[in-house]
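got a predicted structure plus its sequence, pasted below:
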Amino acid sequence: MTQSFQFSLLATDGAARRGEVSMPRGTIRTPAFMPVGTAGTVKAMYMDQVRDLGADIILGNTYHLMLRPGAERVARLGGLHEFARWPHPILTDSGGFQVMSLAQLRKLSEKGVTFKSHIDGVVHEMSPERSIEIQGLLGSDIQMQLDECVALPAERDVIERSMELSLRWADRCKIAFGDQPGRAMFGIVQGGDDEALRVRSAEALTGLDLKGYAVGGLAVGEPQPVMLAMLDAVCPALPQHKPRYLMGVGTPDDIVKSVQRGIDMFDCVMPTRAGRHGLAYTRHGKINLRNARHAEDSRPLDAESDCPAARDYSRAYLHHLVKAGEALGGMLLTWNNLSYYQSLMQGLRDAIEAGRLADHAAALAEGWARGDL
Ligand SMILES: CC1(C)O[C@H]2[C@@H](O1)[C@@]1(COC(C)(C)O1)O[C@@H]2CNc1nc2cc3nc(N)[nH]c(=O)c3cc2[nH]1
């Protein structure tokens, strides 16, 4: 068990990388998908189940946990790993993005962000220093800098000023983070949909010699080609031997195409949120269990899956649960979806090691296009 934070590059296939992040709480096999555990829970799942599906790390949110139950309270209760019974690595987002997408009445300045809680309306101030302090109180293994995710479309000078603010905040977060052995603080590349600003942000953050780099400001509704063009610009500008994390991504197709461009880590609410809304991700594409065509279909989602939710329950039963609003419907579909996402990542890791990623990606796309037989 290592007491430090180490990223090892084990294999490459084109721009794609097979790696490992080793940390005191465990090893993260990359490319990796991080199930989203926003408020200290991966919704509708037991943590043992999440682990059994192959997740090496989960994501938590500073914004949600600082509002409820409170960072100091979680610290008094032994930290987020103890509180949520997840002893493996946790990455926490810094809160800026959630403030801008969830909080009411927020004000952003050089100092930080001020906002009213969407829960009880209490006003909170979050500086880069306070965000890092909260993530430390939670016991987070990988802490994200506080940044600003500018809403697109935006004028170039607006994107530039926002990107430069995030760079100044990265510097302040690095100082606030200090030296926490075995933990890491990642910078976040911004720059909107402007390739030159993206490269400037990546190069400036590289100069801070951080342990890892996230690509932010994407997966906010932009067309996939725009997101991929930004990755084509950013990844070559980031250090080869440090992990790269694309925030908020994505669908299986987004993930495959981003791995092919050199991304190592992902998080997305899609598999869990879609599961709660009756949507199943499978190797034959998406299946909407709300659709009446499933009402008497006795087939499982995927008879060849090793996940009981995919293998042992008929579509008719899942359709019934979803239509009836039964909790088990969301539980089984979340279980299926996270299982599919983890098997997708395992397949990508194997394909990169074997040097056959292009063929594997083509086979995946064919399966999704073939649709549900
Ligand atoms: C707010 C919520 C739950 O997070 C999801 C989902 O809604 C939604 C809303 O609309 C879609 C696109 C469908 O996905 O966007 C989220 C997924 N995209 C995303 N997450 C991000 C997190 C981020 N964190 C930081 N610190 N900085 C960023 O630049 C950043 C960018 C991100 N982009």
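Cool, the structure landed. All values derive from a computational prediction rather than experimental measurement.

what residues does the chain have near the ligand?
In this structure, the chain approaches the ligand at residues 93-94, 96-97, 101, 144, 147, 149, 188, 216-217, 219-221, 247-248, 269, judged by C-beta under 6 Å from any ligand atom. Every residue, glycine included, has its C-beta placed from N, CA and C.

which of those residues fall in helices?
Mapping the residues of the chain next to the ligand onto helices (DSSP state H) picks out 96-97, 101.

list the buried ones in stretch 193-209?
193-194, 197-202, 204-206 (16 or more other C-beta atoms under 10 Å).

let me fix that: stretch 179-194
Buried-residue list, stretch 179-194, by 16+ other C-beta under 10 Å: 182-194.

ends of it, how far apart?
33 Å (C-alpha to C-alpha, to the nearest Å).

distance from it to the middle of the chain?
14 Å (C-alpha atoms, centre = their mean, to the nearest Å).

so Gly121: helix, strand or coil?
Secondary structure, DSSP: H, G, I helix; E, B strand; the rest coil: Gly121 is coil.

ok, back up a step: dump the buried residues of stretch 179-194 to JSON lines, plus distance to Ile175.
What follows is the buried residues of stretch 179-194, written out as JSON lines (distance: C-beta to C-beta, whole Å):
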{"residue": "Gly182", "distance to Ile175": "19"}
{"residue": "Arg183", "distance to Ile175": "15"}
{"residue": "Ala184", "distance to Ile175": "15"}
{"residue": "Met185", "distance to Ile175": "10"}
{"residue": "Phe186", "distance to Ile175": "15"}
{"residue": "Gly187", "distance to Ile175": "13"}
{"residue": "Ile188", "distance to Ile175": "16"}
{"residue": "Val189", "distance to Ile175": "19"}
{"residue": "Gln190", "distance to Ile175": "19"}
{"residue": "Gly191", "distance to Ile175": "23"}
{"residue": "Gly192", "distance to Ile175": "26"}
{"residue": "Asp193", "distance to Ile175": "30"}
{"residue": "Asp194", "distance to Ile175": "28"}
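
I'd like those residues as JSON lines, with pLDDT appended.
Listed next are the buried residues of stretch 179-194 as JSON lines, based on pLDDT from 0 to 100:
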{"residue": "Gly182", "pLDDT": "94"}
{"residue": "Arg183", "pLDDT": "97"}
{"residue": "Ala184", "pLDDT": "98"}
{"residue": "Met185", "pLDDT": "98"}
{"residue": "Phe186", "pLDDT": "98"}
{"residue": "Gly187", "pLDDT": "98"}
{"residue": "Ile188", "pLDDT": "98"}
{"residue": "Val189", "pLDDT": "98"}
{"residue": "Gln190", "pLDDT": "98"}
{"residue": "Gly191", "pLDDT": "98"}
{"residue": "Gly192", "pLDDT": "97"}
{"residue": "Asp193", "pLDDT": "97"}
{"residue": "Asp194", "pLDDT": "98"}
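
that older thread, write the PyMOL selection for whichever of the ones in helices among the residues of the chain next to the ligand are buried.
In PyMOL, this line selects whichever of those come out buried by 16+ other C-beta under 10 Å:
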select buried, resi 96+97
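
looking at the ones in helices among the residues of the chain next to the ligand, which is nearest the ligand?
Phe97 (3.4 Å; C-beta to the nearest ligand atom).

I figured the closest one hits Ala214, correct?
No: checked against C-beta atoms under 8 Å, the pair Phe97 and Ala214 is beyond contact range at 10.7 Å.

got any residues that touch both of these two?
Listed as contacting both Phe97 and Ala214 by C-beta atoms under 8 Å, 6 or more residues apart in numbering are Met247.

which residues of the chain score low on pLDDT?
1, 373 (pLDDT under 70).

switch the cut-off to 90
1-3, 96, 100-106, 118, 151, 371-373 (pLDDT under 90).

select the longest helix from it.
helix 327-354.

and it, how far out from the chain middle?
So, by C-alpha atoms, centre = their mean, the centroid of helix 327-354 is 14 Å from its chain's centroid.

buried set for that helix?
For helix 327-354, by 16+ other C-beta under 10 Å, it's 328-345, 347-349, 351-352.

stretch 100-116 too?
100, 102-103, 106, 112-116.

over to stretch 60-72?
60-67, 71.

which of these fall in helices?
Per DSSP H, the buried residues of stretch 60-72 map to helices at 62-67, 71.
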